[in-house]
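Enquirer: The following block contains a protein sequence and its predicted model.
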Amino acid sequence: MSVRRAGQGMAALLGLAFAGSGHAQVDEHALKAAFVYNIAAFAQSAHVRASTLTICTQTDAALAAAIATLAGRDLAGRRVTVARVASAPAADCDVLVHAADTPVAAALTALVICDACALPNGVSTVALVREGNKIRFDVDATRARANGITLSSQLLRLARRVL
């Protein structure tokens, strides 16, 4: 990703992170999907397997539908595909987004993003959290390293908490 595109992406993520009630027309699920996309854009995996980036979901139907709209986009030269999974993630998931109440087997190579989890939880690298009327995120840097995920320092600076 070019420095210019990276800066634009980070600016967009920063704008999303601090979107408040003045942006009430923004659907919360669409906002969370945008966070997933931008977080994935600033994460590098040591386990890149294909020319596609597969985002798997284990979330409620509304968030899964919002994430499904990411399918077909380009992310760092990889085409985004989206799959809904019922249980432990398939081996081809690059990113797994799950709900806090969904039991997830440890995904050793995926970027695991949880909707409304408290970190550390032993599985998730990133937790999307609601803070007042804003969506923010926390990062478990230890879990990221264990999964072979490198997170951009720009992304880490935007996190609410880095563990």
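Expert: Okay, I see it. Numbering: from 1, shown residues only.

Enquirer: Which residue would you name as the spatial centre of the protein?
Expert: A centroid search over the chain (CA atoms, centre = their mean) returns Val36, at 3.1 Å, as the residue closest to the centre.

Enquirer: Nearest spatial neighbour of Thr109, chain-adjacent residues omitted?
Expert: His47 (4.0 Å; CB to CB, 6 or more residues apart in numbering). C-beta coordinates here come from the backbone N, C-alpha and C atoms, glycine included.

Enquirer: my read: the one you found touches Gly148, true?
Expert: Yes. Between His47 and Gly148 there is a contact under CB atoms under 8 Å: 5.5 Å.

Enquirer: Could you check which of those two has the larger neighbour count?
Expert: More crowded of His47 and Gly148, by other CB atoms under 10 Å: Gly148, with 15 against 11.

Enquirer: Just the mean pLDDT for stretch 32-41, thanks.
Expert: The average pLDDT within stretch 32-41 is 97.

Enquirer: can you give me the helices in the chain?
Expert: For the chain, applying DSSP state H gives helices covering 3-17, 28-41, 61-68, 141-146, 153-158.

Enquirer: rank those by pLDDT, which is bottom?
Expert: Among the helices of the chain, helix 3-17 scores lowest, with a mean of 51.

Enquirer: rewinding a little: who touches the residue nearest to the centre of the chain in this structure?
Expert: Val36 sits next to Ile55, Ile67, Leu70, Val95, Val97, Ile113, Leu128 when contact means CB atoms under 8 Å, 6 or more residues apart in numbering.

Enquirer: Count the neighbours of the second one for me.
Expert: By that I understand Ile67. Ile67: 26 neighbours (other CB under 10 Å).

Enquirer: Dump the contacts of Val36 into TSV; add distance to Ser152 as well.
Expert: What follows is those, written out as TSV (distance: CB to CB, whole Å):
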residue	distance to Ser152
Ile55	18
Ile67	21
Leu70	19
Val95	15
Val97	19
Ile113	15
Leu128	17
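
Enquirer: Filter those residues down to the ones in strands?
Expert: Under the assignment DSSP state E, the contacts of Val36 contribute Ile55, Val95, Val97, Ile113, Leu128 to strands.

Enquirer: closest to Leu63 among those?
Expert: Val97 (7.3 Å; CB to CB).

Enquirer: what is that closest one paired to in the beta sheet?
Expert: Per DSSP bridges, the residues bridged to Val97 are Thr57, Ile113.
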